[in-house]
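[1] next come a sequence and a model predicted from it.
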Amino acid sequence: MQYMQWANGNAELDRLKRFCIAYEYVQAEKIRDNALQGVEEIKAKISEIDDNTERMCTEIQEMETKVAKLTAEKEASMGGEMHSLSEKVDALSHDLVKEASVLKNQEETLMTEKQNAEKIVRSIEELKQSVEERASAVKNAEDGAADLKKRVEDLSKSLEGYEKDYQGVLAGKSSGSEEKCLEDQLENELNVRRKDVENIKNSLESLSYEEGHMEALQNDRATELEMVQKLKDDIRILSAQLANVEFTYRDPVKNFDRTRVKGVIAKLIKVKDSSTMTALEVAAGGKRVTIIPLNKIRSHPVPPRVQNAAIRLVGKENAEVALSLVGYDEELKTAMEYMFGSTFVCKTTDACKGGCFYRRGGGDLLRQLHALAEAESEFTVHQKRLSEIEAKISELLPLQKKFKDLKAQLELKSYDLSLFQSRAEQNEHHKLGELVKRIEQELSEAKSAAKEKQLLYEKCVNTVSLLEKSIHEHANNWEGRLKDLEKKIKAIKAQVQSASKDLKGHENERERLIMEMEAVKQEYASLENQSVSLEKQINSLTLEVDEHKTQIASLRNAHNHAQSELNLFWSKLKECDSQISSILREQQELQRKISEINLERKKMENEVKRMEMEQKDCSLKVDKLIDKHAWISSEKQLFGRSGTDYDFVSRDPRKAREDFEKLQAEQSGLEKRVNKKVMAMFEKAEDEYNNLISKKNIIENDKSKIKMVIEELDEKKKETLKVTWVKVNNDFGSIFSTLLPGTMAKLEPPEGCRFLDGLEVRVAFGSVWKQSLSELSGGQRSLLAISLILALLLFKPAPLYILDEVDAALNLSHTLNIGRMIKAHFPHSQVEILFCVHCGFFERRHVQ
């Protein structure tokens, strides 16, 4: 193996080496030739650039002379009246832009509020539809629960009847002296059921969940949601009113630490007394500094000596330093002393000795900021409380589910216990015992009576014989009837438990839907209140926008009038300005072109130097390659041709260089380890071994695939048969019950067998299952056969069925039931019936 690798590697190594050298030679020649041609082209371009530069410099000098002449003429024509008019226009324009900006903010706020109102209206419509859907779902759940409740009652009656029959059979068997008495059996079963009920009650008591706890938490969550939404609206409205207090900026540098910017002063303080808000606004508003650097600002707080003097003159309650009336973080102390430390706040004019403050109940800005801070604080509290409630609800969800399951089990077990207690109280064994005692008493009285009662005595003896015979017959057939009744009772109990569980599920679903509907109604009412509030706010904003538009229109008229007067002056200078501007643009364009041309010339000079050096290096390289590799001269005509060993298009030269270096290193290692005499025999043996292994793997893979396919087909066959059996069995029972009301039919495997071993037909009239189909009449067997055939056809319904004289062996009532059955079970198929001349069926063909 190593020998072949080494031999093949030598050949490949030689090919790769020649390929790489050829590519290197071709590239060097290409660069050399291109460099010679490129140098001449670039030198010609440099000469052309020099001529253009000289021509453009001459044009620029001529333009400068012309601009100086036009500028002198313009300055001579401008006077003081135009200057004052221009200032007036600028002032009006500034006011107009300012008012337009305010109007734009108001219109954007109004548009936002309208959009919010539209969203709320859409949400109200969606919630209204949701309420209707949930109401419909509640009604459907109640209807389903009613149907299940009726089914549970019917099954309970059937169970009670079967249990009576069961007790009758047990009573007949227990008359033997060696059997355990029925009362002991009933008492044991009753104790088992009582123990099950007690265990479920203990599980309920040990569960850390109380009924109604989840509903209370959901009500609290709805309340908190409403409060959070209200606070969100309040914060949004207050934030819109305080838009001028918001401070937004872009990072001056990348990865700027935004925590170093603390924010606007008005949002960093907490006013202790709302009556001082106006004075604090006046004190802070007098500062003309936009940004306060904490490490450079110098404050001049009121000295303690001056504070004490003011307290002595007017009293502590009448004059306080503004800094003591606000709360702030300690790191902002320097800025707060700068803003409020040098100002006194007095309550009366007498106290401030003719000062400028009159108490008017507090400043609007600080009062709004105070309200915003309180709203945000309440929002945080309610948001936290809402999160805690939702966390509790998440924790209680599994407990609530477990509680409902245990409660449903408790109700089911309690119901089962009550049924069993009722059955025990109605034990027929006692009734039969009392009947036997009464008959024996009558018999003893008859024996002791006179001869005239001999007839009565014989009658009693016959009655006793009949009863003993009946008891004996019941004892012989006891085991079969007991198994049959146990099977029926077990099936009915399973149906009762399933129906009760479904009924409990429907009731839980109805309660959940009612709670969801109430929550949606509360949210609907909350959104309606928000809609009314937004409508009022929109109306107020609309009035403000209209007033502002009127004010802007007045400003625009004044601006237009002043602008028209200014335009008269500007029209005289327009031609001069346009000429100067045109000349300056041309001059700037020429300067730009000169700069670009000079830059391009410098690049070209550098490129010429680089290409000359490159051309020299490549020439030397080509000569060296030819001297070192003599084969280049004879094969260079093949370099780069397709289909040859030197095809540089189909093979990547860079990849070839990497392969060459890698293969060269491998060959160096292999050359020392190869045994050249043994490799020929090894190669033959290896080929034979690989061929056998490949054949073996193919056979094993085919074998495993065949096994997997067989197993998969077998499982699919079983699954398909089971699905078909369940579907056909349900349709068979339903069709037969429709054709012959009061009966039941089913397909089930024989006792002790699976459905794959075969199925047999079972028929029941009322609650009694027939042991054999021979007990049925001819018409009943015909209906049974028709039901089975139609059930098989219904498994994959066809669009058209033709029934030929299905009524031949049936009476009138059975033929009428065929029409009802077709209407109920074949709604999507067309059924054509060919019947015999049967007067009753033909006359009633349209009744169905």
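    Here it is on my side, so go on.
[2] contacts and neighbour counts: CA atoms only from here.
    Will do.
[3] any idea which helix or strand carries residue 116?
    The secondary structure element spanning residue 116 is helix 80-173 (assigned by DSSP states H and E).
[4] I'd like the mean pLDDT over that helix, please.
    Averaging pLDDT along helix 80-173 gives 70.
[5] any idea where the strands of the stretch 651-800 of the chain begin and end?
    743-748, 760-765, 768-769, 800-804 (DSSP state E, counting those that start in this stretch).
[6] could the ones you listed go into TSV alongside mean neighbour count, mean pLDDT and distance to residue 218?
    Shown next, in TSV, are the strands of the stretch 651-800 of the chain (neighbours: other CA atoms under 10 Å; pLDDT from 0 to 100; distance: least, CA to CA, whole Å):
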stretch	mean neighbour count	mean pLDDT	distance to residue 218
strand 743-748	20	91	48
strand 760-765	16	90	51
strand 768-769	14	88	51
strand 800-804	12	75	56
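[7] okay, now the domains of this protein?
    In the domain annotation for the chain, the residue ranges read 98-210+402-436+465-552, 241-248+258-385, 797-848 (automatic domain parsing).
[8] show me what the biggest helix by length in the chain is packed up against.
    Ranked by residue count under DSSP state H, the longest helix found in the chain is helix 478-628. On a contact count with 3 or more CA pairs under 8 Å, 6 or more residues apart in numbering; DSSP states H and E, helix 478-628 meets helix 2-77, helix 80-173, helix 213-241, helix 364-425, helix 631-635.
[9] and that helix with helix 2-77, angle?
    Inter-element angle recorded for helix 478-628 and helix 2-77: 80 degrees (by axes from the mean of the first three to the mean of the last three CA atoms, to 10 degrees).
[10] run the angle between helix 478-628 and helix 213-241 for me.
    Here helix 478-628 points in a direction 40 degrees away from that of helix 213-241 (the same axes, to 10 degrees).
[11] what mean pLDDT would you report for helix 478-628?
    75.
[12] the strands of the stretch 651-800 of the chain into TSV, with extra columns for distance to residue 785?
    As requested, the strands of the stretch 651-800 of the chain are exported to TSV (distance: least, CA to CA, whole Å):
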stretch	distance to residue 785
strand 743-748	11
strand 760-765	10
strand 768-769	17
strand 800-804	13
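[13] residue 24: which of these is closest?
    strand 800-804 (82.8 Å; CA to CA).
[14] extract the C-alpha set from the closest one and format it as PDB.
    Output of strand 800-804 as PDB, limited to C-alpha atoms (Å, rounded to 0.1, in the frame of the first residue of the first chain):
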ATOM      1  CA  LEU A 800     -73.500   6.100  -5.500                       C
ATOM      2  CA  TYR A 801     -75.100   2.900  -4.000                       C
ATOM      3  CA  ILE A 802     -77.700   0.700  -5.700                       C
ATOM      4  CA  LEU A 803     -79.800  -1.600  -3.300                       C
ATOM      5  CA  ASP A 804     -81.700  -4.300  -5.100                       C
END
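[15] so what are the sheet partners of that strand and their directions?
    Sheet partners assigned to strand 800-804 using DSSP bridges are listed as strand 830-834 (parallel).
[16] kindly provide the whole-number mean pLDDT of the partner strand.
    Mean pLDDT, strand 830-834: 62.
[17] out of the strands of the stretch 651-800 of the chain, the one nearest residue 379 is which?
    Distances from residue 379 to each of the strands of the stretch 651-800 of the chain were compared by CA to CA, and the smallest falls on strand 743-748, at 65.6 Å.
[18] report the angle between the closest one and strand 760-765.
    160 degrees.
[19] helices and strands around strand 743-748, which ones?
    For strand 743-748, the elements it packs on are helix 679-739, strand 760-765, judged by 3+ CA pairs under 8 Å, 6+ apart.
[20] which residues sit against it?
    Defining contact as CA atoms under 8 Å, 6 or more residues apart in numbering, one finds that strand 743-748 is touched by 725, 729-730, 732-734, 736-737, 755, 759-766.
[21] again, only this time at 6 Å
    The list of residues contacting strand 743-748 from outside it, by CA atoms under 6 Å, 6 or more residues apart in numbering, reads 729, 733, 737, 759, 760, 761, 762, 763, 764, 765, 766.
[22] orientation of that strand relative to helix 679-739 in degrees?
    Inter-element angle recorded for strand 743-748 and helix 679-739: 170 degrees (by the same axes, to 10 degrees).
[23] can you tell me the strand partners of strand 743-748 and which way each runs?
    Sheet pairing of strand 743-748 (DSSP bridges) gives strand 760-765 (antiparallel).
[24] may I have the partner strand as PDB, with CA atoms only?
    C-alpha atoms of strand 760-765 as PDB (Å, rounded to 0.1, in the frame of the first residue of the first chain):
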ATOM      1  CA  GLU A 760     -68.000 -12.600  15.900                       C
ATOM      2  CA  VAL A 761     -71.300 -10.800  15.700                       C
ATOM      3  CA  ARG A 762     -73.100 -10.100  19.100                       C
ATOM      4  CA  VAL A 763     -76.700  -8.800  19.200                       C
ATOM      5  CA  ALA A 764     -78.600  -7.400  22.200                       C
ATOM      6  CA  PHE A 765     -82.300  -6.700  22.700                       C
END
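[25] returning to what we had before: out of the strands of the stretch 651-800 of the chain, which is closest to residue 122?
    strand 800-804 (49.5 Å).
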